[in-house]
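# Could you work out the structure for the sequence below:
(chains A, B, C and D)
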Amino acid sequence: MLEAQGLTYAYRDGGPALSDLDLVVRRGRRLAILGPNGAGKTTLLLHLNGTLRPQRGRVLLDGAPAGYGRADLNAWRRRVGLVLQDADDQLFAASVEEDVSFGPLNLGLADDEVRRRVADALLVMGIAELAARPTHMLSFGQKKRVAIAGAVAMRPEVLLLDEPTAGLDRAGLDGLLAALQALHADGATLVFATHDVDLAYRLADDVALFAGGKVLRQGLAEDVLADRAAMAAAGIEPPFLLTLGLAARDAGHLGATDPLPKTRDAALSLVARSWGKSRAGS
Amino acid sequence: MLEAQGLTYAYRDGGPALSDLDLVVRRGRRLAILGPNGAGKTTLLLHLNGTLRPQRGRVLLDGAPAGYGRADLNAWRRRVGLVLQDADDQLFAASVEEDVSFGPLNLGLADDEVRRRVADALLVMGIAELAARPTHMLSFGQKKRVAIAGAVAMRPEVLLLDEPTAGLDRAGLDGLLAALQALHADGATLVFATHDVDLAYRLADDVALFAGGKVLRQGLAEDVLADRAAMAAAGIEPPFLLTLGLAARDAGHLGATDPLPKTRDAALSLVARSWGKSRAGS
Amino acid sequence: MHIMEGYLPVGHAAGWFAVSAPFVIAGAVRMRRILRDEPQTKMMLAAAGAFTFVMSALKIPSVTGSCSHPTGTGLGAILFGPAVMAVLGTIVLVFQALLLAHGGLTTLGANVFSMAIVGPWVSWSVWRLASRLGIGASVAVFCAAMLGDLSTYLTTSVQLALAYPDASSGVLGAVAKFGGIFAVTQIPLAIAEGLLTVVVINALEASPNLLGGLRDGVRGLAGGTER
Amino acid sequence: MSPVDRAAHLNRWRSRSLTEKSVLAFGMMALALAFPPFPVAPVVAGVMTAATLVGARVPARTWLACVAAPFGFLLVGSLSLALQVGDGGLGLAPDGLATAAGATARALAGVTALLFLALTTPATDLVAGARRLGLPGEIAEIALLMYRFLFLLGATALAMDTAQAARLGHAGAGRRLRSLGVLIANLLPRSLDRARRLEIGLAARGWTGEMRVLSRDAAVSWPALAVVLTIEAGVAGLGFWAR
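The predicted structure is shown next:
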């Protein structure tokens, strides 16, 4: 539904550039844009919601080239939400509730509808109890979720997230991942940029390998992450759990059609099972 | 050599507090202070270098209670260096060299000695080639290392690091860890606060489990991280590699005195070996 | 130097509001005109104001060994222009009263006049004049910041003297009295602030990235308001 | 960063209407200024302190720290009032002590009223109130954004200061001044950068220049307002009686 064709962009001050980049976002999927720091992932996301305008190439929404007039941009941003890495770059109002209401009000919705959307967004992000809290008194992880709620309340069809889990500890990560799963279950299309290959493996349906201003390869997460040549070209090590799972498959401890372990627990029980078997066999 | 006894501190604006906290830093060791975000790890580090003064309790340097007079503080900070989480907060000068010279110049050293120390610090951090680079043109990972070099150039006996690896991608992490290993090999005592249990397992000799403003348990990394009760109390999941290694020990694939795998590669080859054995046995 | 809440009699408090109002309103009108053309400037102005507030909350070491807060008016006037500073300075003073209990709300008019109007205009005028006379940049900046600071404190002394004239020597005697007593702390502080401002401006000009930020943001902002 | 702000958000009267709180605070401020200081000023100080500490349950420690803030000014100011410049130089003014005592009492009354407002009402509520009373929207929005930036820049400045101290940037007054100058010089582009980034962040949320948010407004409690007005009428009566 969202597509980039031949995107080319270079900052005047020499920031990370895009060169002839292609990308396809499919409806209802979770796509990870995976690449090292400073490769230009943020630049790419800013193109996908119209903040930056490509110097060459174009972005398509449902097959139609996106426009950069004020009305076009408004329509675009209504459909494609963006959450920046630093939550402080998106929060400005005095309280959580007020802040989350900003986007819906910009859509021109009636107050009642805005209130409903704010409540829904806080609920799905699991932070309903923070509604009246001042924004500057939130923890790091809470801020992150409020920032996402601010985008979610606009009910975009696609949600772009820049390094959504950066800096989160275990509890914050679990909370955020649960919230993203809930969003996904609601039918949202998620695109997230990250350098964390384990996160991409855990959360994404599709992966786009990003390096040198290009998408080197895009496809199903397991396929792309297991593609040694492409991963090496992007300078990324494959996720540990995937490597372990594939090794287990090679060694005959996992059938060719059995699902690969996606969580640590699944990997542990796979290994434990293999040892159990081997001991039984020996 | 550095010790906290009964540290108690509460911010007036409601920041994370310490309550009756004890901690011992041993010379030449790498100590991880491990705890969730917002638990007060930074507050603790700020006490360990004298920036904050405890409301109750005290900090000892080689057994002598630390003083808070101007001269005492200067002597203290000369011995105990501090690197904050956000490198942007600590780079002030236009070029890398200039920035790293800030501390040594404040020590009142002669220009020659300053130059030597700056060169040494850049060398040990693996960034000698960046010396003349303007600070604002550095990558995220490079900034981090320059910030550490700024502390290292003062030749402190203990170096305190707040979330040293936060936000680093794979390449940045490898570079930083190599630099920290080099520092350690030179005899530096390292203390780092982190929420990343895998990092603590990989890098630390000792771990202090931190939660609720207290150190719940301090000891050898492997012992503390394998202490399920204490880890659960701190709300931290044990490192995956440790769990895997202990499971291998239980299953007889690793001798009781064999070293536990500390890296992903070591863990993979342990598992592969166990499968090889089991296949050979069956 | 803030006059604390409740220290001015009601007539004086109201009078200083009346004196300050035209400057602040003129600044606000000018600011709204800029904002109509470029709504994004709102962010920049807010950041400039917050910067001024934070700067004035930092502790500056004074020659006497004691610590005090810089007024920041000199630097603000040089960077952002005095017209904008009248408005930003007023908001800063309101927040100082509400968040730090520095100054007050009934004394706001008087404090705005000394700190957001007299100080910035003196600093800015001295800086322009010195620059035009070809005096070296550091000296110009030092004089601007120091004199801006001193003029603020003198204004405050006059304001207090008008409210509380000396029983025998009248207003003039009171100015000497307040001025003399405050001079002990204020003159070293003014010198410290002058030196500090020189360091800041030098650092800004030495560092290309800092200057780049300035060119993109502040210069445009000040240029838009100077005319 | 600001214990005052924290109290303003967490006190028991946080959700009382802005009208009640500001009528009480500004009314009492005006009364303290309008009438002779004794006995009105001490009464105002007493009522406002009680309202802050007992009514709104603001922590006494926070309140005390705030009251202490203008003490230096008060001391020097009162000293000036007590003295006079005569022929023989400085001497004790005839009514000097009485004048000084009066000014001090009034100032303390004013400060307690200001603190009541500051410690029970977040600054943003007051800005929103001023906007309803006619403050131009652009100015109010700048003030609100400034408030948000204050905490971000304050945290940044504090971190920079800590980092400098850790590298002995505070050793000696000269070094300290230099460090502070460098800190401020670095804070400025960081501030402008913050502004630019927030601009991008808000543009992504459909910002077109106006910053509208839905805020909850506490309804005025008429009985409470009546109590406030009764107290103020009582203080005014006391003032007339004393005059």
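
# packing partners for the host helix or strand of residue D:154?
Assigned by DSSP states H and E, residue D:154 belongs to helix D:137-166. Other helices and strands packing on helix D:137-166, by 3 or more CB pairs under 8 Å, 6 or more residues apart in numbering or on different chains; DSSP states H and E, are strand B:80-83, helix C:10-37, helix C:41-57, helix C:82-95, helix D:123-132, helix D:173-203. Every C-beta, even on glycine, is put in place using the N, C-alpha and C of the backbone.

# What residues of that helix count as buried?
By neighbour count on 16 or more other CB atoms under 10 Å in any protein chain shown, the buried set for helix D:137-166 is D:138-157, D:159-166.

# helices and strands of chain A: which one bottoms out on pLDDT?
helix A:264-281 (a mean of 78; mean pLDDT, DSSP states H and E).

# what's that one packed up against?
helix A:240-250, helix B:240-250, helix B:264-281.

# JSON lines please, covering the ones you listed and showing distance to residue D:184.
Converted to JSON lines, the helices and strands packed on helix A:264-281 look like this (distance: least, CB to CB, whole Å):
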{"stretch": "helix A:240-250", "distance to residue D:184": "46"}
{"stretch": "helix B:240-250", "distance to residue D:184": "46"}
{"stretch": "helix B:264-281", "distance to residue D:184": "46"}
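
# just the strands in chain C please.
All strands of chain C, identified by DSSP state E, fall at C:60-61, C:67-68.

# so which of the helices and strands packed on helix D:137-166 gets nearest residue A:223?
Of all these, helix D:173-203 sits nearest to residue A:223, with 33.9 Å by CB to CB.

# Tell me how far that closest one lies from the chain's centre.
The chain centre lies 25 Å from the centre of helix D:173-203; the measure is CA atoms, centre = their mean, to the nearest Å.

# Same question for stretch C:72-80.
7 Å.

# Could you report the separation of the residue nearest the centre of chain C from residue C:22?
Centroid check for chain C by CA atoms, centre = their mean gives residue C:73 as the closest residue, at 2.8 Å. If you measure residue C:73 against residue C:22 using CB to CB, to the nearest Å, the figure is 19 Å.

# try residue A:146
On the measure of CB to CB, residue A:146 and residue C:22 end up 42 Å apart.

# So which of these two has more stuff around it?
Neighbours were counted for residue A:146 and for residue C:22 using other CB atoms under 10 Å in any protein chain shown; residue A:146 has more, 27 against 11.

# tell me the contacts of the more buried one?
Residues near residue A:146 by CB atoms under 8 Å, 6 or more residues apart in numbering or on different chains: A:87, A:91, A:96, A:99-100, A:125, A:127, A:130, A:135, A:138.

# Give me the residues contacting stretch A:107-124.
A:78, A:96-97, A:100-101, A:104-105, A:128, A:130-131, A:149-150, A:152-155, A:179, A:182-183, A:186, D:206, D:214.

# Restricted to helices, list those.
Counting by DSSP state H, the members of the contacts of stretch A:107-124 that fall within helices are A:78, A:96-97, A:100-101, A:104-105, A:149-150, A:152, A:179, A:182-183.

# Buried ones among those residues?
Buried, going by 16+ other CB under 10 Å: A:78, A:96-97, A:100-101, A:104-105, A:149-150, A:152, A:179, A:183, out of these.

# Make JSON lines out of those residues and add pLDDT and distance to residue B:51.
What follows is these, written out as JSON lines (pLDDT from 0 to 100; distance: CB to CB, whole Å):
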{"residue": "A:78", "pLDDT": "90", "distance to residue B:51": "47"}
{"residue": "A:96", "pLDDT": "96", "distance to residue B:51": "31"}
{"residue": "A:97", "pLDDT": "95", "distance to residue B:51": "36"}
{"residue": "A:100", "pLDDT": "97", "distance to residue B:51": "36"}
{"residue": "A:101", "pLDDT": "96", "distance to residue B:51": "39"}
{"residue": "A:104", "pLDDT": "95", "distance to residue B:51": "43"}
{"residue": "A:105", "pLDDT": "94", "distance to residue B:51": "43"}
{"residue": "A:149", "pLDDT": "96", "distance to residue B:51": "35"}
{"residue": "A:150", "pLDDT": "96", "distance to residue B:51": "35"}
{"residue": "A:152", "pLDDT": "95", "distance to residue B:51": "39"}
{"residue": "A:179", "pLDDT": "91", "distance to residue B:51": "36"}
{"residue": "A:183", "pLDDT": "92", "distance to residue B:51": "41"}
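
# Take the residues you listed and write them to TSV, including distance to chain B.
Below are these laid out as TSV (distance: CB to the nearest CB, whole Å):
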residue	distance to chain B
A:78	31
A:96	17
A:97	21
A:100	22
A:101	26
A:104	29
A:105	31
A:149	19
A:150	21
A:152	22
A:179	17
A:183	22
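
# Those: which ones sit near chain D?
When contact is defined as CB under 8 Å from any CB of the partner chain, these meet chain D at A:78, A:97, A:101, A:105, A:150.

# now the last one, nearest residue through space, not along the chain?
Excluding the flanking residues, the one nearest residue A:150 by CB to CB, 6 or more residues apart in numbering or on different chains is residue A:100, at 5.0 Å.

# Give me the residue at the spatial middle of the chain.
Just so you know, I chose chain A. residue A:192 (1.8 Å).

# could you do chain D instead?
residue D:118 (4.9 Å).

# Now the helix or strand containing that residue: buried residues?
Assessed by DSSP H and E, residue D:118 sits inside helix D:96-120. Of the residues in helix D:96-120, D:96, D:99-120 count as buried by neighbour count, 16+ other CB under 10 Å.

# The residue lying closest to the residue nearest to the centre of chain D once chain neighbours are set aside: neighbour count?
Distances taken as CB to CB, 6+ apart place residue C:98 nearest to residue D:118, at 4.7 Å, with adjacent residues excluded. Residue C:98 is flanked by 28 other residues according to other CB under 10 Å.

# Now do the contacts for residue C:98.
Residue C:98 neighbours (CB under 8 Å, 6+ apart): D:4, D:117-118, D:123, D:126.

# Dump those to a markdown table, plus pLDDT.
Output for the contacts of residue C:98, formatted as a markdown table (pLDDT from 0 to 100):
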| residue | pLDDT |
| --- | --- |
| D:4 | 92 |
| D:117 | 97 |
| D:118 | 96 |
| D:123 | 93 |
| D:126 | 95 |
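
# Just flag the most distant two among these.
Within the contacts of residue C:98, two members stand farthest from each other by CB to CB: D:4 and D:126, at 12.6 Å.

# and those two? which has more neighbours close in?
Using other CB under 10 Å as the criterion, residue D:4 and residue D:126 rank with residue D:4 on top: 25 against 21.

# Export only the CA atoms of stretch C:197-205, formatted as CSV.
These are the backbone C-alpha positions of stretch C:197-205, laid out as CSV (Å, rounded to 0.1, in the frame of the first residue of the first chain):
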residue,chain,number,x,y,z
THR,C,197,29.3,36.5,27.8
VAL,C,198,32.7,37.0,26.1
VAL,C,199,33.5,33.3,26.6
VAL,C,200,30.1,32.3,25.2
ILE,C,201,30.3,34.5,22.1
ASN,C,202,33.9,33.4,21.5
ALA,C,203,32.9,29.7,21.8
LEU,C,204,30.0,30.2,19.5
GLU,C,205,32.2,31.8,16.9
